[in-house]
Every structure is written in structure tokens, then in C-alpha cells.
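# Below are the sequence and a predicted model for it; my questions follow.
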Amino acid sequence: MAAPTVGGIKLPMGDGQIIRLPRGASLTDLAEKIDVNPAALVAALFAMGEVVTATQSVGDETLQLLGEELNYTIQVVSPEDEDRELLGRFDIEFGEDNGDESDLRARPPVVTVMGHVDHGKTKLLDAIRNTNVVSGEAGGITQHIGAYQVVAHPGEDRERPITFIDTPGHEAFTAMRARGAKVTDIAILVVAADDGVKPQTIEALNHAQAADVPIVVAVNKIDKEGADPAKVRGQLTEYHLVAEDYGGDTIFVDVSAKQGIGISELLDAVLLTADAALDLTANPDQDAQGVAIEAHLDKGRGPVATVLVQRGPLHPGDAIVAGEAHGRVRAMLDENGDLLSEAGPSRPVQVLGLTTVPGAGDTFLVVEEDRVARQIANTRQARERNAQLAQQRGRRTLEDFLKQVERGEVEELKLILKGDVSGSVEALEDALLKLDVGDDQVTLRVIGRGVGAITENDVNLASASDAVILGFNVRPEGKARELAEREGVDVRYYSVIYQAIDDVEAALKGMLKPEYQEAQLGTAEVREVYRSSKFGNIAGCLVRSGEIRRNAKARLIRDGVVVAENLSVESLRRFKDDATEVREGFECGIGLGSFNDIKVDDVIETFEMQEKERA
């Protein structure tokens, strides 16, 4: 294969060797790998119809296309591999227990509660941990992720702790549910005995089965009228969940969260499933590692992260890095707000002392010193920023740009998302970006996201970018509200996330250019043609159907064939008087402006374009 020449520069051809690049890499990064001038790669992409600077973050597809052109195989390193390579520089292994089997100890199971939006998941957790979260939730729907540890058979010789992860229960939170399943050992599928299997039940079941975790079914609301637990068992057999009563291996427990019936049996079922199907062990003596379940910005305490320790002990004073955040553990609190001096495997705790709010689902680990934590966090921040730049830019060729110019400017709705916890912000963004209004005339872009109150910086960004701010369970701080009113920035507040999604979808549909459809008004048959030196040919007509309106659009039909399009009724008369409309059965004179090719027996058809309502 001959080496391509661009702008007088001969580009070296590869022999198919693999080049590994991080997400959001620039042409300069690629140029260093293949020992070529970055300007030559810029020229090569320009020749392919892509306008990119040498230091700009480039999308994965663009890099791979350029690699094919030069006979290189470009491999974009996955975020997991990037992180593994980053931690490898500091001799840190994440996700594995150090030592041998003798160092491993049994740990409590981690359970995620899933199911339909109103089948009583939160009430069931209330019954388990004897707290009342529902009263503080908008619409009785869980809006946040929380993690709690309870003890089965307290005060007995066989008492054992179980960790519960409480996830929101609607399809809008798909990403959060999937994330919950990744750290989960066992899933409890809650199905209401009076309502049966619903679409969200199936969705939750799919997440749990995709994560390959054992499932315990809690048939809730057995105290309600019309409850039929046997029907639920029958319905779930269609989804390969066969109850032990029917010869299967799935434990079904009949419960009533409201009456407190079956709660102890449910905990026993979880422990039995853990003992029979899983080998839950972890090293409690290595440096702590785990996952950030949730995080929010507290006005008095700063960033607060709820983390699930997966291995090792976590102590106050440990140097910690969680995603792009780092710091020292200033204090650890349990679900009741009590201070802890140590958190072992499967223990959820709130951690204070981080520099920023980590993302829900970010991994955390303890390192030897602050310097290492800061370096890891800074590298992750830069990497994520480059990846986002490449993703936001997307592939936009010259051909795409010309097509957009031809059909008019593409409308774009820009949003800034602020919420009280990172998981809700992330889930809201995920749901919004999946919205489809069935047209490529409008696009949606999230230009800013964050945790905490709406600040003046958010308002300034919205003002400069002509964006809308969506606040989820947050309000403006200080003078941000006055600034928003002064700058005319649209700030919308929500406490239930589905309303935000519905409003944005309606806004996107409203931005679409209107679609029109033709509506026929009437037809007139030409009986006589009168010639006028002033107005040209005038058609003496009989209105056959509908009505003829002055200035309406018209077409001329002769022997069933359209002779002329894009005409209009320039003049309309009844005898010697001007008329605005003439109805069916009446005679009139019609002038079609400068169009004079009118013959007897022609049909003039009039119509108007009406805006089509979008589905």
C-alpha cells in the first residue's frame, strides 16, 4: 500500500500494528505514537472531511477511521483499563483481595431491593430498619440511593448483619439500578400481591439477571383485599423464576410491610440464599477499597459520600481517593448518624473529608499518603474532561455541516442540571439524553451538572449559553435568584424526576419546526372563460364542493391531471361584487393572477396548509 501524501507531506504507513490511546485523545497523542508531525494528521483528517485541530479531543470513531487510512489498528482504552493502568503506576491493585485464602473472612451479604414503582419497596425497608423514609419522599417515591445495615435475629447467638441498598424504583433510573446490581450479592424483587407483575417489575428482574445475582421474591401487600400470592408465583414462572413450592429454586416470601408480617422470614431467606449459593468472603486486613453508593454536598459538612466498603478496614484519618475526589477521612458515620471508628467489608458508611462530591458508582480506595490520592484524582479529572470534550463534540463532517445549512439551523436545547445528590443528577441526565422526539431537527445537550444549590456561576453560564437550569430538590443560593430574574434565565424546580423528563420532552417537541399537511377547501368547475384586458383570463365557475376563498392556494386540474401547481385565488367575485368566499352550489368568477391557461371543464381545486399536531 502506497504511503499517502497530504499537502506535500508523506505520511508513514503502518503494518497493522495496534496503537492504544485513551478516550478523548488528540491528534498530537496519536502523532507521538506513530512518530509523525501532528500537522500531517490534521491535513489528513481535513482531506477526509473532518475539521479538527492538533490538540483537540477527538472521538473514538474518528481516531479509528484515521487509523484505518494509515493501516494502524487504533484501540481506545476502556475506562476500566485506563484506571487499572493508572493505579498500576502506584502498585495498587483494585478489585482483588490481597493475600491467600487463609486471609479471607466471611462478610455480610449486600442486598438490593428492586421492583415496580409503587409496590412498597421503601415501606418494606422501613419495616426492616424501623425508620420512616416515605414521609420525606415526594409522592412516596424514593428519589435517592441509600445504604443501610440491619441485624437479623438481634440478641441471639445466630445474629448476622445484612446490608441493604435502597434504589429508586422507576425505569428512569436504569443506570442507578444497574449500578446497584454490580455491587449486589442478592436482589430482593418486590411484587405486590394485589397488582402482580408490571413492566417495571420485568425491567428490575432483567437487571438482576443480567448482573447474575440470586433473586429472592418478596410478595408484598398480602393483607390487602384482592391479594393473590399464588398468581404472582405463576406469573413469574414465565420469567424463569420458579418458586420452591413449584419445584424450583427461587425462594418466595409472603410479606406485608405495612403490618410487619413475614419480615423475619424474608431476612432468613436472604441469609439462606447467601449461604447456599454464594461464598461471601473478603480480606479485612488490607487497605480499604469499595464503591461510592451516593454523595451530596452538605452546607455545614461539605461533600458527604455514602460508601460501601468491599474489602479492608476503613478508619478516620485514612487518605482516600473516590473517583475524581480525594482527601482524608475526617469522620465516619453509620446510617443513624453515629460516629464509627472502623468499617469492615460490606459496611456502608458516610464519609466526610473529601475535596469534591464523587459520582454515584465511583470506586474508592485508601492509599499511603495524600500526595498519591491527589495525583490519582487529578489524572482521573483530566482524563474524564478529555473524554467528555470528545463526546460532546461528536463527529461532524463538512458534509454534515452543509446539510444542516441547507435545511436550516439545527435547534439545540441546552440544560444545566443541579441536584441534591449525584446519583439523581446522573440518572436524570441519562434519562434526558435518551429522549427521542422522532426528529433530527432538535438536539439536547447538558452543558453543566453538579451537586448543591444553584449558584451565580450556574446562572451566568446559563445566561451566556442561553441554557435552562433544572433544579432537582435544590434552590438558588444567595443572590442567584435575583440574578436569574435580572438575566431572564429560565430556572425550573422539581421534586419528582419524571415531571422534569416530561417537561423537557414537551420543550423539545415545541422547538421542532412545525409540520404542515394539506387540507382541501373546495373545488370549482370552469363553465366559461372571460377575457379581461385588466385582469387577464377570468374563470366563470360553479362551486362543486366545499368553498372557494380569496387568496387560498390553488391548483388547476384538466382531465384528471394537474396542469398547474402553486397558484392562488387572486380575485373572487359574485357577479360584479367582490367576495371573500363562495360556497358549494353558487357561481363565481375566479382570477388566478398571471396564469391564463384556463379552459372550459377545467377544475380549480383550492386548499390550505394546516399545522400538523405532533404525537
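Good, I have the coordinates.
# Give me the contacts around stretch 466-485.
Defining contact as CB atoms under 8 Å, 6 or more residues apart in numbering, one finds that stretch 466-485 is touched by 143, 413-421, 424-425, 428, 447-448, 452-456, 458-462, 489-495, 497, 500, 504, 507. Placement of C-beta: from N, CA and C, glycine included.
# Where strands are concerned, which of the residues you listed count?
In strands, defined here by DSSP state E, the members of the contacts of stretch 466-485 are 413-419, 447-448, 491-494.
# Tell me where the stretch 351-500 of the chain has helices.
Secondary structure of the stretch 351-500 of the chain, counting by DSSP state H, counting those that start in this stretch: helices at 370-393, 398-406, 422-433, 456-465, 480-487, 497-511.
# Which of those comes out lowest on mean pLDDT?
Note on those: helix 398-406 shows the lowest mean pLDDT, a mean of 43.
# and Val191, bridged to which residues?
Applying DSSP bridges to Val191 gives these bridge partners: Val219.
# By mean pLDDT, flag the weakest helix or strand of this structure.
Lowest on mean pLDDT, DSSP states H and E among the helices and strands of the chain sits helix 398-406, with a mean of 43.
# Read off the pLDDT value for the nearest residue to Leu413 once chain neighbours are set aside.
Spatially, and ignoring its direct neighbours in sequence, Leu413 is nearest to Leu444 (5.0 Å; CB to CB, 6 or more residues apart in numbering). Looking at Leu444, its pLDDT reads 80.
# Which residues are in contact with Leu444?
Residues near Leu444 by CB under 8 Å, 6+ apart: 412-413, 415, 432-433, 435, 504, 508.
# Can I get those residues in JSON lines including distance to Glu518 and neighbour count?
JSON lines is the format used below for those (distance: CB to CB, whole Å; neighbours: other CB atoms under 10 Å):
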{"residue": "Glu412", "distance to Glu518": "30", "neighbour count": "14"}
{"residue": "Leu413", "distance to Glu518": "30", "neighbour count": "19"}
{"residue": "Leu415", "distance to Glu518": "36", "neighbour count": "24"}
{"residue": "Leu432", "distance to Glu518": "35", "neighbour count": "22"}
{"residue": "Leu433", "distance to Glu518": "36", "neighbour count": "11"}
{"residue": "Leu435", "distance to Glu518": "30", "neighbour count": "15"}
{"residue": "Val504", "distance to Glu518": "32", "neighbour count": "20"}
{"residue": "Leu508", "distance to Glu518": "26", "neighbour count": "20"}
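# Closest to Gln75 out of those residues?
Nearest to Gln75 out of the contacts of Leu444 is Leu433 (CB to CB; 25.9 Å).
# was I right about that closest one contacting Ala427?
No: counting by CB atoms under 8 Å, Leu433 does not reach Ala427; the two are 11.0 Å apart.
# Excluding chain neighbours, give the residue nearest to Ser256 in space.
Of all residues not flanking Ser256 in the chain, Asp223 sits nearest, at 4.3 Å (CB to CB, 6+ apart).
# how about that neighbour, what does it touch?
Contact partners of Asp223, counting by CB under 8 Å, 6+ apart, are 256, 258-259, 261.
# how close does the residue nearest to Gly323 when sequence neighbours are not counted get to Glu412?
Spatially, and ignoring its direct neighbours in sequence, Gly323 is nearest to Asp362 (2.9 Å; CB to CB, 6+ apart). Computed as CB to CB, to the nearest Å, the Asp362 to Glu412 distance reads 29 Å.
# Buried ones in the helix or strand containing Ala31, by neighbour count?
Take DSSP states H and E as the rule and Ala31 turns out to sit in helix 27-34. Neighbour-count burial for helix 27-34 flags 27-31, 34 (criterion: 16 or more other CB atoms under 10 Å).
# How about stretch 152-165?
By 16+ other CB under 10 Å, the buried positions in stretch 152-165 come out as 152, 160, 162-165.
# Looking at the residues you listed, point me to the pair that's furthest apart.
Longest distance between any two of those is 17.3 Å, between Arg160 and Ile165; criterion CB to CB.
# Would you agree Phe94 is in contact with Glu85?
No: Phe94 is beyond contact range of Glu85, at 11.4 Å (criterion: CB under 8 Å).
# who has more neighbours, the two?
Shown here are Phe94 and Glu85; by other CB atoms under 10 Å, Phe94 has more neighbours (16 against 12).
# so what's that one up against?
Counting by CB under 8 Å, 6+ apart, Phe94 touches 83-84, 87, 289, 363, 365.
# repeat that for 10 Å
Neighbouring residues of Phe94 by CB atoms under 10 Å, 6 or more residues apart in numbering: 80, 83-84, 86-88, 289, 310-311, 363-365.
# same check, this time on Ile538
528-532, 571, 573, 588-592, 596, 598.
# Recalculate using a threshold of 8 Å.
Going by CB under 8 Å, 6+ apart, Ile538 touches 529-532, 571, 573, 589-591.
# Which one (most neighbours) among those residues?
Among those, the one with the most neighbours (other CB under 10 Å) is Ile590, at 25 neighbours.
# what element comes up after the helix or strand in which that one is found heading to the C-terminus?
Assessed by DSSP H and E, Ile590 sits inside strand 587-591. Counting by DSSP H and E, the next helix or strand C-terminal to strand 587-591 is strand 603-612.
# any idea how far that next one is from the chain center?
With CA atoms, centre = their mean, to the nearest Å as the basis, strand 603-612 stands 42 Å off its chain's centre.
# what pLDDT does the nearest residue to His315 once chain neighbours are set aside get?
Leaving out its chain neighbours, the residue that sits closest to His315 by CB to CB, 6+ apart is Glu342, at 5.7 Å. At Glu342, the model reports a pLDDT of 94.
# Name the strands paired with the strand or helix carrying Leu567 and say parallel or antiparallel.
Per DSSP H and E: Leu567 is located in strand 561-568. When pairing is defined by DSSP bridges, strand 561-568 lines up against strand 553-558 (antiparallel).
# Tell me the first helix or strand C-terminal of the longest strand belonging to the chain.
Looking across the chain with DSSP E, the single longest strand is strand 515-532. For strand 515-532, the succeeding helix or strand toward the C-terminus, using DSSP H and E, is strand 536-549.
# Give the pairing partners of that next one; include direction for each.
strand 515-532 (antiparallel), strand 581-583 (antiparallel), strand 587-591 (antiparallel).
# Point out where this protein drops to low pLDDT.
Residue ranges of the chain with pLDDT under 70: 1-14, 79-80, 131-145, 167-182, 388-411, 437-442, 509-516, 611-615.
# What residue in this structure is the furthest from its centre?
Farthest-out residue of the chain from its mean C-alpha position, per CA atoms, centre = their mean: Ser533, at 67.5 Å.
# Sweet, I'm off.
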